[in-house]
Structure formats: C-alpha cells, structure tokens
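> Predicted model and sequence follow; I will ask about them next.
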Amino acid sequence: MSDFSSQTHPSERRETAPPPPPPPPPCWTPAGHRAPLEASAMASPEPCAAAAAPGSGFGAVDGVLPPELLLEVLLRLPAKPICRLRAVRRSWLSFTTDRLFLAAYAAVHPHPLLAVLVDSFPSRCCVDLVDLSGNVVEEILGVGGECRVLTASYDRVLVAGEHHRVSVLDPATGSVSALPFGIAEDMARRNGMRPAWFAFGQTNSTGEYKLLRILEDLEDGYEADPVCEVFAIGDMNGRWRKMESPPGYLDPSYTNGVVFEGAAYFFLDHWQMDPSYYFATGCIPSFDLATEQWSTALQGPVNRILEEANGTLNYADLTDRLMLAQLEGTLCTAHFNDRISAVDLWFLVDFENGMWSKEYRINVEFAFDGFGDGVQPLLVTDEGNVKWKKCQKKRSKTDVRTGVIAYWRI
C-alpha cells in the first residue's frame with residue numbers, strides 16, 4: 001500500500017495530553033483476547049508465549065537501566081520510537097527483537113483487524129478478519145448471502161442480511177446467532193428493501209450493549225416517518241422495541257451511525273430539507289443508548305466548512321462528501337473536497353458549544369480519483385497512519401477489500 005504525505009495545520013491543532021500508558025502485563029503471556037478499536041476494526045489475537053518473569057531471558061543491556069526497568073519503559077512506547085531506539089546500541093537492537101519482548105509488546109499493543117465480507121456465491125460466503133497487511137487471520141462461515149458488515153467491535157461482528165435481519169458473529173467461537181424478527185423485517189417483506197441505518201454500542205451508565213435499527217417506511221407508495229427499533233444484546237428475553245422516529249431525514253448515503261460516549265450520531269440528508277433550516281440548527285442528530293431518546297443538541301462543522309470555502313462551495317456540494325468517525329478519542333468529520341483533491345479532518349473540541357477544529361488537510365491527489373462519494377477514516381495506527389475506506393451509496397454493492405485504500409501519515 002502506498003504511503004502518502006499530508007499537509008497539516010499546526011495553528012489549528014488541538015493540544016492534547018498523551019493518553020496514560022497501558023499497564024504492563026503481569027507476565028510474558030499475551031492476553032489472547034480481542035479488544036475493540038474502532039467501529040469496523042478489532043484487535044488481533046496473538047499466539048501465547050511461554051510465561052516468564054519480566055526481564056528474564058535477556059542478557060546485559062548497555063546503559064543505566066536494568067533490563068526489567070527498560071522493559072517497562074519500552075512497552076509503553078509506540079512502534080516507531082522503538083524502531084529508532086534500535087539504532088542506539090546493538091544490545092538495544094537485540095533486546096527489542098527478542099521473541100519474549102515481541103510477545104509482551106503484542107499483548108499490550110494488539111494489531112487491528114478489519115471485518116471483510118466475502119461473497120462469492122455459491123462457492124464461498126463468509127466474513128474474514130483481515131490484518132492491515134491483507135492477511136486473513138480468521139474466517140467465520142455461515143453468515144448467508146446478500147449480507148453487509150455493520151460493525152466489528154466489542155468482541156463481536158454484526159452483519160445485516162435479507163430483509164435487514166441482523167446476525168451476531170463471535171470470532172472467538174465462530175458461532176453465528178440471528179437476532180429475533182422485528183418490525184423492520186415485516187416492512188421489508190411488504191415494501192421491498194428500503195434503506196436502513198444501524199448503530200451498535202455501549203451505554204455509559206450500565207455498560208449494556210444495544211443495537212439501533214432505523215428503516216424507511218412506505219404507506220400507499222408514499223414516504224412515511226422512519227421506523228426506529230432498539231435491541232438489547234445479551235437480554236435473555238430480548239426483542240426489538242419500537243422507539244421515537246429520528247428528528248429529520250437521515251443521510252441515505254452512509255448508514256452506519258458512529259457511537260461516541262454512549263450515543264449514536266448520524267448526518268441529516270441535505271437533499272431532503274430546506275438549507276435554511278439546516279443552517280439554523282447545524283445539528284448532528286444523536287440517539288442516547290441509555291435514555292433511548294433523540295437529541296439535536298450537537299452542532300456540526302457544516303457552517304465552518306462553508307465559511308472557510310469562501311464561496312467556492314455551497315450547501316449542495318457537501319452532499320455525499322461528509323463522513324463521521326471516532327478518532328483520537330473524539331468525534332471526527334471527514335470532508336472530502338473533490339474539487340481540490342483533499343480530505344479535511346474536523347475534530348470536535350467543545351461539545352456544549354459545538355466547536356470543531358480542522359486539524360489536518362490531507363492531499364490525496366489521484367488516490368481518490370473518480371470516487372464520487374465520501375471517504376471514511378477507520379482508525380489511526382500507533383505509527384500515526386490513518387486507515388481509510390472508500391464509501392459508496394448503500395444501494396451499490398461494495399467489496400470492502402477494495403474499499404480500504406491506503407495509509408496517510410498525520
């Protein structure tokens with residue numbers, strides 16, 4: 001994959017304190033479980049190594065620090081600084097390439113995995129867990145045809161199939177469990193495949209996992225209010241429960257909501273509403289997974305984007321060009337400006353006042369030539385690279401394997 005340079009905006013970059021270092025493992029044996037990273041990524045399993053006391057198995061290391069203390073320091077560093085430290089002394093090179101150190105480092109810094117739907121009917125239909133090098137780490141069978149991956153997080157992979165029926169995949173056991181039928185399946189049978197939106201996440205208060213599903217409805221051939229349903233994952237007597245409809249038409253191009261701090265966020269559809277209304281509110285609607293209520297409190301960066309464009313962009317130009325993500329611990333809006341072949345990343349810095357900061361402008365040149373749609377940042381690696389996915393309208397079939405484009409360094 002190509003490695004593209006980016007143009008940053010230092011004057012607009014937020015000053016954030018570095019995250020606290022992860023606790024070192026109690027022994028050299030990797031944890032062996034998958035911790036969630038992003039909505040579409042999981043942490044990779046690592047083979048277990050023989051347990052040993054920290055620092056054992058290494059010879060003397062030149063310098064002041066003993067091996068045990070040096071280990072504690074290095075386990076807290078990203079991969080790139082460690083590679084630089086290898087050039088300091090040969091003993092440090094030997095230390096950081098030892099299999100015991102690599103196993104311990106892998107336990108603290110699990111590699112992200114992408115969930116990729118492979119649909120080559122009739123020979124093979126499954127979900128592959130793929131690392132960032134394109135290697136298939138795990139294959140989950142039995143997902144059925146005509147599916148799409150909704151999310152891969154919290155040790156689960158969720159896929160939507162025929163009539164928007166949802167199945168939960170457990171990568172640890174390879175099991176596939178279909179959720180009960182709800183209103184959406186009934187509507188899909190009556191009216192055909194209508195657009196659907198999904199969001200999966202955890203409540204802040206109880207840690208309960210919930211799945212949100214929204215489906216467009218038709219009554220006598222005319223659009224009606226979308227139907228909104230919630231399902232509590234893990235509920236022994238689980239069933240879909242009908243909720244209040246969204247406060248406006250949701251963007252039909254990109255249908256996976258982004259869950260941040262216990263609420264699912266979506267974009268409104270620019271084509272379905274009066275621009276003056278959107279500018280007056282500038283809101284990004286959200287659904288609180290705990291209270292199960294909709295809100296329009298969060299102000300989006302649309303007005304700032306148009307102000308900075310200085311007349312070169314208008315309201316309609318933003319259609320199919322905005323994507324939501326969660327990056328660096330906050331909400332992020334990616335604006336793909338195909339007129340100048342650049343992607344701007346806007347980060348939410350003040351929720352109460354709806355303040356967003358454009359921290360990066362990434363010049364993509366010809367990498368996204370002919371996209372016609374938005375691009376979504378999936379995750380940021382320890383090395384500071386952004387993993388992107390090409391996003392097409394939901395009525396088109398997309399192979400996610402070709403949708404993952406490249407790395408950009410930020």
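Received the coordinates, thanks.
> Sketch out the low-pLDDT regions of the stretch 51-200 of the chain for me.
The stretch 51-200 of the chain contains residues with pLDDT under 70 at 51-63, 120-124, 144-146, 188-194.
> Strands of that one, residue ranges please.
112-120, 124-131, 136-141, 148-153, 156-160, 166-170, 175-178, 196-202 (DSSP state E, counting those that start in this stretch).
> Pairing partners for the second one, with directions?
I take that to be strand 124-131. Paired strands of strand 124-131, with direction, are strand 112-120 (antiparallel), strand 136-141 (antiparallel) (DSSP bridges).
> do the same with the fourth one
Paired neighbours of strand 148-153 in the sheet (DSSP bridges): strand 156-160 (antiparallel).
> In PDB, list the C-alpha atoms belonging to the strand it pairs with.
What follows is strand 156-160, C-alpha atoms only, in PDB (Å, rounded to 0.1, in the frame of the first residue of the first chain):
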ATOM      1  CA  ARG A 156     -18.500  -9.100  18.100                       C
ATOM      2  CA  VAL A 157     -19.100  -8.800  14.300                       C
ATOM      3  CA  LEU A 158     -22.600  -7.700  13.300                       C
ATOM      4  CA  VAL A 159     -23.900  -8.400   9.800                       C
ATOM      5  CA  ALA A 160     -27.300  -7.500   8.200                       C
END
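> got the angle between that strand and strand 196-202?
Relative orientation of strand 156-160 and strand 196-202, computed by axes from the mean of the first three to the mean of the last three Cα atoms, to 10 degrees: 170 degrees.
> got the contact list for strand 156-160?
Here strand 156-160 makes contact (Cβ atoms under 8 Å, 6 or more residues apart in numbering) with 42, 115, 117, 127, 129, 140, 143, 147-152, 166-171, 196, 198, 200, 209, 211, 233. In this view, the C-beta of every residue, glycine as well, is placed from N, C-alpha and C.
> so Glu287 bridges to which residues?
You called it Glu, but residue 287 is Phe. Phe287 has the following beta-bridge partners by DSSP bridges: Ala264, Trp294.
> scratch that, Lys358 is what I was asking about
On the basis of DSSP bridges, Lys358 is bridged to Trp346.
> and what of Thr151?
Bridge pairing for Thr151 - DSSP bridges - gives Leu158.
> I figured it was touching Tyr209, is that so?
No. Taking contacts as Cβ atoms under 8 Å, Thr151 lies outside contact range of Tyr209: 11.0 Å.
> Next, count neighbours for Pro247.
15 (other Cβ atoms under 10 Å).
> And Ala232, by the same measure?
For Ala232, using other Cβ under 10 Å, the count is 17.
> before we move on, back to that, hey, what's in contact with both of Thr151 and Tyr209?
With Cβ under 8 Å, 6+ apart as the test, Thr151 and Tyr209 both reach Phe200.
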